[in-house]
Each structure stands twice: as structure tokens, then as C-alpha cells.
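Asker: Need a 3D model of the sequence below.
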Amino acid sequence: MRHFTLERDADGLAQLVFDKADATVNTLSQEVLGEFNEALDLLEREPPKSLVIRSGKATGFIAGADVDEFGTVRDEAGALAIVRGGWETFERLARVRYPTLAVIRGFCLGGGLELALACRYRVAIDEPSTRLGLPEVMLGIVPAWGGIKRLPHLVGGPAALDLLLTGKTLDARRAKKLGVVDLAVPVRVMENTARGMLKTAPAARSLSLPLSLTLNPLARKVIASQAEKEVAKRARREHYPAPYAILELFRKYDGNALAVPASDPASVPALLRSPTAANLLRVFKLQERLKSLGKEDGFKAKHVHVVGAGTMGGDIAAWCALRGLTVTLQDQSAERIAPAMQRAGKLFADRLRDPRRVRDAHDRLIPDVAGDGIARADVIVEAIFENLDAKRNLFAAIEKKARAQAVLATNTSSIPLEDIALALTDPARLVGIHFFNPVARMMLVEVVAGARTREAIAAQAAAFVRQIDKLPLPVKSAPGFLVNRLLAPYLMAAMRAVEEGIAPATVDAAAVAFGMPMGPIELADTVGLDICMDVGKLLGGTATAPPRLQALVDARHLGKKTGRGYYEWVDGKPKKPPAGIVPPGLTERLVDPFVVEARAALADGIVTDADLVDAGAIFATGFAPFRGGPLHYAAAG
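Answerer: This is a model prediction of the structure:
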């Protein structure tokens, strides 16, 4: 076998090791599933006492199905063949007479988790890289190989739907608490735990009586109806059919994707025929491309120094500490740093949950009023206010203290790097690492190369961005870089519509109807109206700001951060009146400037190709993912 190794020991334990040939990660292609069936044939002829299934790769267990095969589907028969291949294979695995156990280390996603769910037992390795989930809904498809059937029988209907409809992933401890895995153990006892569990062969996990009642056909209908109301709040059926298909599979077919008539909108053939699935698969590939950037550079930061403990700088520092780096955070006084430390504590508690990991993250984030961390840092990020002279003076001082190998980065959103770099004796050291707010949620980071930035420095910056689990987008230094350049005309078109008497909530409703996750007026309030004003001035030349925007900024009503902007904000949410009827043509009026600017940015060489323009628009501005990006949307007509 090319992809599997079958080993047996004297005690009758068999180990099936999956190490996909000519690949860096394990994925489940039709060829792999065929070979897996060959292994089951061998085991059927000579049954072992028990079977362990594990990965032979350091990168993780199984990343899921081979999504490239979805693009080869041409008809209903091809779609059903993919579904049947995985469904029947995992049904066969679930029926074997001997105990089976999946050892899960690293990612276990999609079809990989469906394979693990078909085993009698699951042991997850308790380390940060272990993540389990069924993210198919994010690709516009459904878990068709048994996930919708088996997951509810482990965790109950409501918890299963929460995972299935969001695509969220679980760490090992959370998976153990929910019941997705039987044990979460340190790697040092992984082998002994697997052998011990198979030797004692406890009864397979079963639901408590209250949770088992959630699988009753009548209860499934009620639970699915309630879940559908929540789905409808964030995803329209015509835009994102997959979550509605998951609910239908759960409600009517007990998770059996093969039982759905091909003509039903919930069927896999119908989903694969939809533009949404094709575009979300495109988005997935764009994300994978961004993830690959920076991989070739071996740069690894250990210590990050951030100057500026405001909202942006403090949150950058907290994120880096969360991702395992030592971080020193500098500002003019301890009082200025204190709010950032408080926000960091909330982030650590929300993301890590384990008190020991929270404590360790706190220990890695060090207040540093004197700036002593500059001399030790591998990456130094400037995140002070947008003032050219202040930034120049700061970098002149930093350069004198910093190590020669340190990456010097600015988080500026509007000032050309070439102007800042004039303060340095070696201007080629400066690179832009431009985060977006809120840092913890926005995955894209622009890696900005100035006219004199050394290529090696930009590569190190991209590697650092990947190291902290963000998506690097290489862009050329130019006003607004890429993302703000795309956003500015879109936001200005929305604000000018408000000036003409269209209610902000109506403007937002027009954008949401198009597929934007948030309307442009709400987005402007969230970003900060002062920042919108600065970016507009930078990109608009002598064009005057909309009067209402100017008045709000003059009154220091800057949006969410001050509690009032175009909307009043209460507990972090805008108070919106009913949107009313969206006037004809308003959606096009908002979206067309976005597309026009995307074409102009590509023509100006801000990024190297159209796919990167679309990636920046999707991952940083939220441009309707199911449309595939502004340039892809425009090309599709």
C-alpha cells in the first residue's frame, strides 16, 4: 500500500498508520479510501484483537477530504460517488467486530473526524495543535460521511448542531468534556493509553437519558427548527444553503446524506451545483495560498517588542503572547499599559480556559515602560498614533538599541513607509506589518514592502505573521495599501447615501442583503470615524468629507469606541431602528465603487494578481465570501 502501513504485534494489536504519499498532510481522496478498504480486507481475513488508527505525519491526523476532487465533479453521479465512497467505508469501519481506536494528534477535521467517529474509541493528545471539527459548512457543503449521524449520538443534538452549523473546532480538553473523544492525554502516555483502553475494552460511550431524548424524531424537528431561527440571523438560505441542508439531514434523514433525493436542495449534488460551494471552495484555496506565504523562510521569533499600548498595540501584544511568544509592551507610563493588560487577561481567559495556560500567557506579556525589551527582541512593532514625526523619532531611537537582525515593523495604516524610513540609517530594514481591528478576530495582516524594503525582511515579516497564526498578504507601499484603499470608496458611498436622507440602517441592510457580514455604516462606526476620516483624506485628495461625518468627528462621536457615532452603541452593539425598504439600485451604488477600486489596485500593482486582491477583500473587509471576491464577482457578471 502507498498510503498505509499495517503493523501487528505479538499481543494481537494491529496499527494502521496513515501517511499519504507525496503529500505534506493527510487528506482522504478516493484513492486513499480505496486503499483503506484494502486494509480492512486484510484485517477481515485475519482479524486482530484490536486496531489503532493513527497518522504517520507530524503535521496532524487527517485534514479532511481532498477538496480538489470536488472540482472534478461534473454530474450527479460523480457527486454521489464521492458521498458513497466515504459513507460506505466508514460504515464498514464502524461494523468491524474488533475494538478500534483513533489516536488524534494535531488537526482532525472534516472527513478525518468522521473516520475517528466511526471508531469505537478516540484518544486526543492534549497539546495546542490538536483541533477537532467538522468545517464543511464553511466550504458550502455538508459532512456527508457520517458526521451528522454519529456526532449527535456522542454529544446530543443541540451540541452537535452547534459544531456542525458553525464549523468551529475544539481542543482536546473541550472535545473530552463534550464527549467527542474518550480521553485527552499528554503525548508521553499516548501509546500506553491507547493500548490500555483497547485491553480493558470499556463499553463505548453512550448518551445520558436527557441527551438521548434529543435524538427522538419529534425532538429532532423541534431542535432543528430552533437552530434554523438562529442560522437565519447570520446566513440567508439563498446565500449559504449548506447550514440549512445540515438541518434537513439531521431533522429528516438522521444524518444519512445518501438518503436525500438528488433533487432535494439539501442533497450533496444540489450543493455542489450551487455557485456558493464553488466560491467557498475558491475562498478555501485562497486561504491556503496565504498560509503558504512565509513558509519558505526559516525565521522564527521568540521575543516581540510592541511600542504603543493603545487598542491596536495592546491587542497585537496580547495576541503574540497568546500564540506563545515572549512580549514586552512599551508605553509612556504603567497607567497607559494597564488597560491593555486587562484586555489581554480577558482574551487569555476566553481563548485558553485552562488556568495554567492563562497564567503562562500572562507571564509572557511583560509591561516595559523603559523599552528594555528592544535590545532583546526579534521583531519590534511600532503601533503609536498616526503622526509622521513621532514615528520617525521613535524609529531613530529604536534603531540604536535594536539587534542588527531584528525586524523593524510599523503598523501604520496610512503613512507611506518611505517617509517613515528616512529616519533610519538603514531604511531597507523597515517593513509594514499592518493588523486590523479587532486583532483577535481579523485573520489577515498586510505585509507592506516599501520601495527600499529588503526582500529578505519582507519574507521574515510574512513568516512572523504565519507564526502567530495570521494570514500574510504581501502588498506594495502606497496610500491605503490594499484593504483601506478598497474600503474607502465603499464607506464613502454609504456615507453620501446617508447625506441624501437614506437611513443608516437602510444603507446597512442593502449591503447585508448583498452578502456583507456587516453594513458599511456599522463598519465605519466599528473602525472609528476618525480613522475613516484620515484614510478618506489620504485617498481622496482635496475631496471634502461628508458633512455628517465631519460633524460627528468634530464632536468626538467616533463610533463604537466612544459609544456614539452614526449609531448609539450599548454593550458593544449598535442600536438600530427598522431598516425599512431598500431603494432600488442602492446595493449596486455601494458595491460598484468597491469593484472599481479593486480593479484599479490590481492595475497599480498593489498586489501581484487578482486572486490576492480578492483574498484581501474577503479576509479583511468581509466582502461576501460566497461571491468569491470583488474581481471574481465582477468577472462572473
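Asker: Skipping adjacent residues, who's closest to the residue nearest the centre of the chain in space?
Answerer: Residue closest to the mean C-alpha point of the chain, counted by Cα atoms, centre = their mean, is residue 443 at 6.3 Å. With Cβ to Cβ, 6 or more residues apart in numbering as the criterion, residue 443 has its nearest non-adjacent residue at 5.0 Å, and that residue is residue 471. Every C-beta, even on glycine, is put in place using the N, C-alpha and C of the backbone.
Asker: What of residue 552?
Answerer: Once flanking residues are discounted, residue 552 sits nearest to residue 529: 5.5 Å by Cβ to Cβ, 6+ apart.
Asker: Select the helix or strand of this protein having the lowest average pLDDT value.
Answerer: One helix or strand of the chain scores below all others by mean pLDDT, DSSP states H and E: helix 529-540, with a mean of 80.
Asker: ok, and what's touching that helix?
Answerer: Defining contact as Cβ atoms under 8 Å, 6 or more residues apart in numbering, one finds that helix 529-540 is touched by 386, 413-414, 479-480, 484-485, 487-489, 491-492, 524, 543, 545, 549-550, 552-553, 557-559, 565-566.
Asker: Tell me the buried residues in it?
Answerer: 529, 530, 531, 532, 533, 534, 535, 536, 538, 539 (16 or more other Cβ atoms under 10 Å).
Asker: Make JSON lines from the residues you listed and add distance to residue 192 to it.
Answerer: Formatted as JSON lines, those follow (distance: Cβ to Cβ, whole Å):
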{"residue": "529", "distance to residue 192": "59"}
{"residue": "530", "distance to residue 192": "59"}
{"residue": "531", "distance to residue 192": "55"}
{"residue": "532", "distance to residue 192": "58"}
{"residue": "533", "distance to residue 192": "62"}
{"residue": "534", "distance to residue 192": "60"}
{"residue": "535", "distance to residue 192": "58"}
{"residue": "536", "distance to residue 192": "63"}
{"residue": "538", "distance to residue 192": "61"}
{"residue": "539", "distance to residue 192": "61"}
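Asker: From the residues you listed, pick the one nearest residue 325.
Answerer: Relative to residue 325, the closest of the buried residues of helix 529-540 is residue 531; by Cβ to Cβ it sits at 26.9 Å.
Asker: packing partners for the following helix or strand past the least confident helix or strand of the chain?
Answerer: Once the chain leaves helix 529-540, the next helix or strand it forms, by DSSP states H and E, is helix 547-554. Using 3 or more Cβ pairs under 8 Å, 6 or more residues apart in numbering; DSSP states H and E, the elements in contact with helix 547-554 are helix 483-499, helix 529-540.
Asker: Mind listing what's buried along helix 547-554?
Answerer: Across helix 547-554, burial judged by 16+ other Cβ under 10 Å covers 549, 552, 553.
Asker: quick one: which of these is nearest residue 419?
Answerer: residue 553 (23.9 Å).
Asker: Quick one: residues contacting the closest residue to residue 390 other than its chain neighbours.
Answerer: Excluding the flanking residues, the one nearest residue 390 by Cβ to Cβ, 6+ apart is residue 384, at 6.0 Å. Taking Cβ under 8 Å, 6+ apart, we find residue 384 in contact with 307, 308, 310, 313, 390, 391, 394.
Asker: what would the helices and strands packed on helix 547-554 look like in CSV with distance to residue 458?
Answerer: Output for these, formatted as CSV (distance: least, Cβ to Cβ, whole Å):
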stretch, distance to residue 458
helix 483-499, 17
helix 529-540, 22
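Asker: Just the element for residue 37, please.
Answerer: Here residue 37 sits within helix 30-45, counting by DSSP H and E.
Asker: On the three-state scheme, residue 123 is what?
Answerer: strand (DSSP: H, G, I helix; E, B strand; the rest coil).
Asker: correct me, but it touches residue 185?
Answerer: Yes - Residue 123 is within contact range of residue 185, at 6.3 Å (criterion: Cβ atoms under 8 Å).
Asker: more crowded one of the two?
Answerer: More neighbours surround residue 123 than the other of residue 123 and residue 185, with 29 against 19 (other Cβ atoms under 10 Å).
Asker: Mind listing the residues bridging to the more buried one?
Answerer: Beta-bridge pairing of residue 123 under DSSP bridges involves residue 103, residue 183.
Asker: Now do it, the pLDDT please.
Answerer: Per-residue pLDDT puts residue 123 at 98.
Asker: quick one, what contacts residue 372?
Answerer: residue 328.
Asker: List the contacts of the helix or strand hosting residue 53.
Answerer: Secondary structure from DSSP H and E places residue 53 in strand 50-55. For strand 50-55, contacts defined as Cβ under 8 Å, 6+ apart pick out 12-19, 26, 43, 61-62, 96, 98-103, 105-106, 115-116, 119, 194, 198-199, 201.
Asker: With stretch 295-306 instead?
Answerer: Residues contacting stretch 295-306 (Cβ under 8 Å, 6+ apart): 313-314, 316-317, 320, 325-330, 368, 371, 373-374, 376-381, 383, 407, 456, 459-460, 462-464, 466-467.
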